[in-house]
Every structure is written in C-alpha cells, then in structure tokens.
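K.L.:
For reference, the sequence and a predicted model appear below.
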Amino acid sequence: MKILKRNYISLILLGIIFSLSFILSISLGSVGVPFKNTVQILLAKIFDYGMINIHEVQYDIVLKIRVPRVFLGMIVGASLSISGLVFQAILKNPLADPYTLGISAGAAFGAGLSIFLSYILGAYFKTLLPVFAFIGAISTVFLVYFLASTKGRVQVLTIILSGVVVSYLFSSGLVLLMSLLGERSHEVIYWLMGSLAGYHRFLIPAAVINCIIIVFTFSFFRDLDLMSLGDDQAKSLGVNTEFIRILLLSSTSLITAISVSLTGTIGFVGLIVPHSMRLLFGPRHKTLIPASVIAGASFLPLSDTLARTLPGLLFQTGMEIPVGVITSIFGSPFFIFLLIHGKKKYWF
Amino acid sequence: MKKAIITKNLTVSYNGMSVLKDISISINEGEFVSILGPNGSGKTTLIKALTGIIKDIKGEVLLFGRHVLSYRRREFARFVSFLPQNPPTTLPFFVRDIVMMGRFPYIKRFEMEKSHDIEAAEYAMELMDIRHLGKRHLMELSGGEVKRVFIAQAVAQESNILFLDEPTANLDINYQVEIFKILKKFNEEMNKTIVLITHDVNHAARFAQRIILLKEGLIFKKGKPEEVINMKDLKSVFDTDVCIEYDSENKPYILI
C-alpha cells in the first residue's frame, strides 16, 4: 500500500512538473512574457472571454508562436517516450529506442530527398518535406519487417539486426544526396539535429493520431507486463505474443514516423524518459505508460525552451540551438546519474 | 471418462531433425501423469507442443477434443496453464503482481481486477506459503521461493490442466515433497489434470498415476509406475544400474 501511495504521489508530482513546464516553455524565449500574463492569455482563450488588458504582441506571441511549438513538443515528446518504452519492453533490449527499426534513417533520407529535389525541381518540394520524411520512415519499417519475418513470424534479434542493416542502407543514400548537394547540405544537417520550429500546419492531424495511438497502447499495459516474463510464459498466461509484438511495434512506429517527419531526429528522449520512469516507478506498465507520456511531454518542451533561450543568455544572439543537442547534453548525464543511483533497482 | 489430452502421431522437428517421433498418448481428465526421460529425450518439447507454444507440429494434438492450435491464447489459458522450466528471476515485480498475472485471461482489456481475481491470487499464495512475501520484489527471493511464486501464478490461473516443467528443481527437499503433495491434493480434490516433467524417479513413482518414459524422442514405455519402474527399462533408458524397492503402499522406488 505504501508503494502504491508513493506511486500516486509521484504521478501527481509529475503532473505538476508538466503544468509548470507548459507555462514556463510558453513564457520564456527571445521575448519574455510574464507568467501571470501567459496564464491569463491561456485562460482567456480557453474560456473565450475575448481580449483582455494585455499587450497584443504578447497575445500573438503566446497563441500563434509559442503554444503551437510547445504543443508540438508535448506530442512528439510523449510519442517518442512511449515508443521507446514499448520498443524496450517488446524487443527486451534496454538500448532499443524508437529509431531501432531504422525510422530515423528512413525519415532523414526522405527529408534529404525533398531538399535535394527542391534545388532541382523547385522550392515547392521543400514544403513537402514532412510528407517525404514520413514516407521514408514508413518504408523502412515495412522493409525491416519484410527482412525480419519468416513464415509470418518475427524474431526479436532478427528485427534488431534488420533495423541496423536498413539504417545503413538509408544512411548511405543520405550521404550520397548530401555529397550531391555540396555546400547546400547544411539544411539536411540542421534537420538531422531536430527542431520544433517548423511544420505546425500538420500539428492538429498529427496530435489526433498520436493521442489515439497512445491511448490504444495504454490498453495493452497488462500484456506488456506479462511479456517481460518471456514469450513462453506470456503465451501460456494468455498473451498472443507474436500478434501483440507486431501490433504494438507498428502502432508506435507510426507515431514515431509522424513525430520524426515533423521535427527531425530528436535523440535520447526515447531512451532517457522510459528508463528514468522505470527507476522511479518500477516495472508495471500501468504506471509506466502514463508516467512516460507525462514526463516526455514535459521534457521535450523544456529542452526546447533551453534551446531557444540559452544562446541569447550566453552570447546575446537570436540564434537557436537544435533541440536534439539539448536533449543529448542534458539527457546523458542525467541518465548516468540515474544508472549509478538506481543500480540496485535496475533489471534489464 | 472425459479425455483431456489426446495426441496422434505427434512429430516435432527442428531443422529437419525429429525431436519427437510418432507420439500417441491419451490422458484422462483428472489424471496425474509424469514424464520421465534423460536430457534431450524431448520432454520439454512434448509439453511445449501440448501447450501450443511450438506451432510447427505434425500429427494431431487435441485438448478437450479441439485441436490445440485452434484455440485463442486467452481462451486456452483459462483451462491450461504451463510453468516453464526457468521462470525469470531478476524482475523487480512484486510477488503479488506476479501471482496476479495468473488472472490475465479473465480480466478484460479495460477492466480492473475483480474481487474473485484477488481471492484466487490470495488463495494461490496461501497454498504455496508465500503470502508473507507478497510485498517483496521477485529479484530479492531465493531460487526456491521464485519457483513457488510461479507455481502460485499457475494455480491462480484456475485451469483444468496444469503442465509443469520440473517444478521441484532447485528446491529444498521439504518443499519438493510439499509441492508434490499440494499437486496431488489439487489433483484429487479438485479433479485437476496434472502433467509434469521431473528428474526424480521416486517422486514420479510415488505421486503419479501414470508415467510416460521418453527416450530419444520416442515413447519408450508408458503405464502405471509399477509397470514402468523396473531395472531393465531404467537401465536401457538412463544407462544406469538401479536397485528397486517397494514401499508400504507397494509403490516402487529406486536406490542408486
């Protein structure tokens, strides 16, 4: 009972951190908005009581620039975290992350291709970058499944290996594109590092699909618990492991592909968040899934806030650091700390 | 009497090598059957074929008259449970949660555990004498305690047929006997069908109604303990000379 209570308290704390990170991420940036105003503007928007006595510029900054960006960060952060969690559980590999099936390489190739085509056939193709990235990401998943399946069944190790092989294939394709692009390949490099800055027009459909899949995945929390006992035991307790594996890998691959195509490859989120949550909450997916979703939805917007504000604070420039750099810089030491601190409780 | 398990010419091959050849057995509901045989004789493969874990089988396997692979796993788990040889030992789940997992086939996707699920889990823990371990992590337990936790999980499943792959390996002798007694009680009082693999010929002889003796993937002999346990057959299967005595109930036991 004590542990259960502690879990609830931790979840409530996570919720508070989440709300604070939301307000913080919206308020901070190259132009600061006081917290009080942020809250007032958001409340005014939600409850629809029209303009309030706040400067119109702040109103626009909050609602038209920051909210979509933070919202994108929340969706992508939550999606990458839950995908990492599911991948690690299903592939029984602590190093598995949402990109294990080669999604990032495929998306990067697609993005590179659209940038390449924009120089040859016209700038129009650059607006299609997320579509290209998405098609690239999804084709890798299909290719990996095709390579890994024998007689309609998929072996865990084969799937990881095919993911690696397909990643190399698409990465070399991307390197070819970049060498053809020459000096102009910096756009590709920038995309590779990940950013929450663009493509907010795809935000609403992406948010709807990802939220549905997150809820869908949550409904499998017991199956995921049982699968950590090993396939034989999970099967004899009533889990159709082969089917669930393909189902959940596909659904989380879909939200990862959507995320990557909108933001570029943001690393580490899918590793740090689920592992930290395991150390905090233990192995039960009933708590792990909501915890990872909330933590991911706080971690990425906060990292993005740092990416937006740090260069200004340190060097007085308006430049932004790619958010992927921040997640790695702050993520890896945090991860090391948790590993050392929680070694006794760790199990993979 | 109702047939719980029937196999006809069951053959299992890995990469062209037959591990089980032409196995035809028939087990009644409420029977206690023990599978004996040396390492590599196909005992585990047989149990995995009977529980539908190995799907690549030739021949027929019928459980309660239906082909084993025609069941959906969840449906199957409601009347067949299987305790694998090496359950995981390093997971930080609470013992209680592990036992509760036995209730998985009864709980719908969006439902919580019902009071009967909790009762069944508690009964199983009581039976296996692990109630005091409920709030401990699995990884903190000794090998024998882990074994008992997983037997409790299979008990909580409330299935008609229990398959157990060496349930008493790594256990102290008091728990070895205890577990066999519990299984026997289970078998007699609740009419559960029990099929287990063991290396202990004496336990098999004392508790099982029938013994299936495997050698190199074939059934070497099957029948009542007093028919199977004899010097000649044990010599040709295990290649060891044994001495056979009989206890007060006229059950055979061996001395090595």
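P.N.:
Nice, thanks for sending it over. Numbering: from 1, shown residues only, chains lettered A, B, ... in the order given.

K.L.:
so where do the strands sit in the stretch 201-348 of chain A?
P.N.:
Shown for the stretch 201-348 of chain A, no strands are assigned by DSSP state E, counting those that start in this stretch.

K.L.:
Up against chain A, what does chain B have?
P.N.:
For chain B, the residues in contact with chain A (Cβ under 8 Å from any Cβ of the partner chain) are B:48, B:51-53, B:72-78, B:80-84, B:87-88, B:90-94, B:97, B:101-102, B:104-105, B:107, B:109-110, B:135, B:139, B:150, B:153, B:157, B:163. Every residue, glycine included, has its C-beta placed from N, CA and C.

K.L.:
Take those residues and keep only those in strands.
P.N.:
Within those, residues falling in strands by DSSP state E are B:80, B:81, B:82, B:83, B:163.

K.L.:
now, which of those sits nearest chain A?
P.N.:
residue B:82 (3.7 Å; Cβ to the nearest Cβ).

K.L.:
what sits against the residue of chain B positioned farthest from its centre?
P.N.:
In chain B, the greatest distance from the average C-alpha position (Cα atoms, centre = their mean) is reached by residue B:110, at 31.2 Å. Going by Cβ atoms under 8 Å, 6 or more residues apart in numbering or on different chains, residue B:110 touches residue A:219.

K.L.:
Can you report phi and psi for it?
P.N.:
With angles defined as degrees, to the nearest 10, residue B:110 sits at phi -110, psi 20.

K.L.:
now it: how far from residue A:331?
P.N.:
34 Å (Cβ to Cβ, to the nearest Å).

K.L.:
Can you select the buried ones from the residues of chain B next to chain A in PyMOL?
P.N.:
Typed into PyMOL, the line below selects the buried ones among the residues of chain B next to chain A, using 16 or more other Cβ atoms under 10 Å in any protein chain shown:
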select buried, chain B and resi 48+51+52+53+73+74+76+77+78+80+81+82+83+84+87+88+91+92+93+94+97+101+102+104+105+107+139+150+153+157+163
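
K.L.:
Which residues belonging to the helix or strand residue B:124 falls within are considered buried?
P.N.:
Per DSSP states H and E: residue B:124 is located in helix B:115-127. Using 16+ other Cβ under 10 Å as the test for burial, helix B:115-127 gives B:117, B:120, B:121, B:122, B:123, B:124, B:125, B:127.

K.L.:
Likewise for stretch A:292-301?
P.N.:
For stretch A:292-301, burial by neighbour count (16+ other Cβ under 10 Å) applies to A:292, A:293, A:294, A:295, A:296, A:297, A:298, A:299, A:300, A:301.

K.L.:
For stretch B:44-51, output the C-alpha coordinates as CSV.
P.N.:
Taking Å, rounded to 0.1, in the frame of the first residue of the first chain, the C-alpha atoms of stretch B:44-51 are listed here in CSV:
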residue,chain,number,x,y,z
THR,B,44,10.1,-30.2,-22.8
THR,B,45,9.4,-30.3,-26.5
LEU,B,46,6.4,-32.6,-25.8
ILE,B,47,5.0,-30.2,-23.2
LYS,B,48,5.5,-27.2,-25.4
ALA,B,49,3.7,-29.0,-28.3
LEU,B,50,0.8,-29.9,-26.0
THR,B,51,0.5,-26.2,-24.8
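
K.L.:
Not counting its own residues, what contacts that stretch?
P.N.:
Stretch B:44-51 has contacts (Cβ under 8 Å, 6+ apart) with A:232, A:235-236, B:5, B:7, B:10, B:12, B:19-20, B:23, B:35, B:54, B:57, B:61, B:63, B:68, B:80, B:82, B:85, B:163, B:165, B:195, B:197, B:214, B:217.

K.L.:
Tell me, how many residues neighbour residue B:190?
P.N.:
10 (other Cβ atoms under 10 Å in any protein chain shown).

K.L.:
ok, the residue nearest to residue A:134 when sequence neighbours are not counted to chain B distance?
P.N.:
Among residues not flanking residue A:134 along the chain, residue A:261 sits closest, at 3.9 Å (Cβ to Cβ, 6 or more residues apart in numbering or on different chains). Using Cβ to the nearest Cβ, to the nearest Å, residue A:261 is found at 30 Å from chain B.

K.L.:
How about the contacts made by residue A:261?
P.N.:
A:107, A:110, A:111, A:129, A:130, A:131, A:132, A:133, A:134, A:137.

K.L.:
Which member of those is positioned nearest chain B?
P.N.:
The closest of the contacts of residue A:261, once distances to chain B are taken by Cβ to the nearest Cβ, is residue A:137, at 28.5 Å.

K.L.:
which SSE is the closest one in?
P.N.:
Since the elements are taken from DSSP H and E, residue A:137 ends up inside helix A:129-148.

K.L.:
Run the chain-centre distance for the next helix-or-strand element following that helix.
P.N.:
Counting by DSSP H and E, the next helix or strand C-terminal to helix A:129-148 is strand A:149-150. Its chain's average C-alpha position is 28 Å from that of strand A:149-150, according to Cα atoms, centre = their mean, to the nearest Å.

K.L.:
repeat for stretch A:70-78
P.N.:
Distance, stretch centre to chain centre, for stretch A:70-78: 7 Å (Cα atoms, centre = their mean).

K.L.:
quick revisit: which two among the ones in strands among the residues of chain B next to chain A are spaced furthest apart?
P.N.:
B:80 and B:83 (11.4 Å; Cβ to Cβ).

K.L.:
tell me, what's touching the two both at once?
P.N.:
Common contacts of residue B:80 and residue B:83, defined by Cβ under 8 Å, 6+ apart, comprise A:236, B:163.

K.L.:
Tell me how far the residue nearest to residue A:134 lies from residue A:166.
P.N.:
17 Å.

K.L.:
Quick check, central residue of the chain?
P.N.:
Just so you know, I chose chain A. Geometric middle of chain A (Cα atoms, centre = their mean) lands on residue A:80, at 2.8 Å.

K.L.:
you looked at the wrong chain, it should be chain B
P.N.:
For chain B, by Cα atoms, centre = their mean, the most central residue is residue B:164; offset 1.9 Å.

K.L.:
Not counting residues beside it along the chain, what's closest to residue A:143?
P.N.:
Distances taken as Cβ to Cβ, 6+ apart put residue A:166 closest to residue A:143, at 5.2 Å, once the chain neighbours are dropped.

K.L.:
Near that neighbour, how many other residues are there?
P.N.:
Residue A:166: 24 neighbours (other Cβ under 10 Å).

K.L.:
so it sits right up against residue A:105, yeah?
P.N.:
Yes. When contacts are counted by Cβ atoms under 8 Å, residue A:166 is listed as touching residue A:105 (7.1 Å).
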